[in-house]
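Asks: Need a 3D model of the sequence below.
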Amino acid sequence: MYNNCATSESNTMRAMLWFKQDLRLDDHPALQAGLKAECLLPVYVLDPQLLQLNDFGMRRMGVHRARFLLESLAALGGELRQRGSNLLVLMGAADEVIPKLVSQFNLDQVLTLEEMAPDERAELARVTRRLGNIAVQQAPANNLLRREELPCTVEQMPHVFSRFRSLVEDRLHVFQPQSAPAKLPALPEGAHALIQPLPTLSQLGLGEPLSVAASAFPFSGGEPAALARLRDYLW
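Replies: Take a look at the predicted model:
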């Protein structure tokens, strides 16, 4: 069962939760920011350009990475459904898909995580420009330390790790992340009709990956598998 919320003229926030590299619910500050929304639309945009051959005959996303991504999206969708929501996965360029959804469902905010790599930061900038007056709230991303917790300014950061370690190891306090919520806000009315099964590797034009028996890391995608791997590694 899914709860839907109708378009409202009130000041209650109607938001999109834009997942990118962060396919999890635990330790997710953008998700936490969306818990107070009247409606929350979780979205992942798969850009088909990642699957195209470049001038060197290579793809940015090969078959193994694509399989891992689809497993992660399937696991995330299941976790969201358990909490009364769901995951909308669409093919296209983010700066085209996201503004269209924002307009279609009368959303007034996009919640996502900060990015550090150049290509991802450029994509964020394109989406922000296309959204115009719609706010894009970027929550702190996957950093062990927040900027304000660093022992010096970013400009003064040592270029050698051992020097950085000596600055922080005696007084390092790691913040405690928020756990995954038990329940999520409702989807916007009509959003569930757009949700389709995930594409297969064949539909993405990749085929099935070859099994490598000697592989040391037969990882499966998804937050539950990642947490199990972490427990196994640490304990």
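Asks: What is the burial count for the closest residue to residue 146 other than its chain neighbours?
Replies: For residue 146, the nearest residue in space outside its immediate sequence neighbours is residue 140; the separation is 6.0 Å by C-beta to C-beta, 6 or more residues apart in numbering. In short, each C-beta sits where N, CA and C put it, glycine included. Close neighbours of residue 140, defined as other C-beta atoms under 10 Å, add up to 12.
Asks: what comes up buried for the top helix by length along the chain?
Replies: Scanning the chain for the longest helix, with DSSP state H as the assignment, gives helix 63-81. Of the residues in helix 63-81, 63, 66-77, 79-80 count as buried by neighbour count, 16 or more other C-beta atoms under 10 Å.
Asks: Which secondary structure elements does the longest strand seen in the chain sit against?
Replies: Residue-count comparison of every strand in the chain, with assignments taken from DSSP state E, identifies strand 39-46 as the longest. Using 3 or more C-beta pairs under 8 Å, 6 or more residues apart in numbering; DSSP states H and E, the elements in contact with strand 39-46 are strand 14-19, helix 63-81, strand 88-91, helix 94-104, strand 187-188.
Asks: distance between it and the chain's centre?
Replies: When distances are taken as C-alpha atoms, centre = their mean, to the nearest Å, strand 39-46 is centred 9 Å away from the chain's centroid.
Asks: circling back: tell me which of the helices and strands packed on strand 39-46 lies nearest to residue 159.
Replies: Shortest distance between residue 159 and the helices and strands packed on strand 39-46, using C-beta to C-beta, is found for helix 63-81: 30.7 Å.
Asks: could you say what helices and strands that closest one packs with?
Replies: The helices and strands touching helix 63-81, judged by 3+ C-beta pairs under 8 Å, 6+ apart, are strand 39-46, helix 223-234.
Asks: relative orientation of it and strand 14-19 in degrees?
Replies: Between the axes of helix 63-81 and strand 14-19, defined by axes from the mean of the first three to the mean of the last three C-alpha atoms, to 10 degrees, the angle is 150 degrees.
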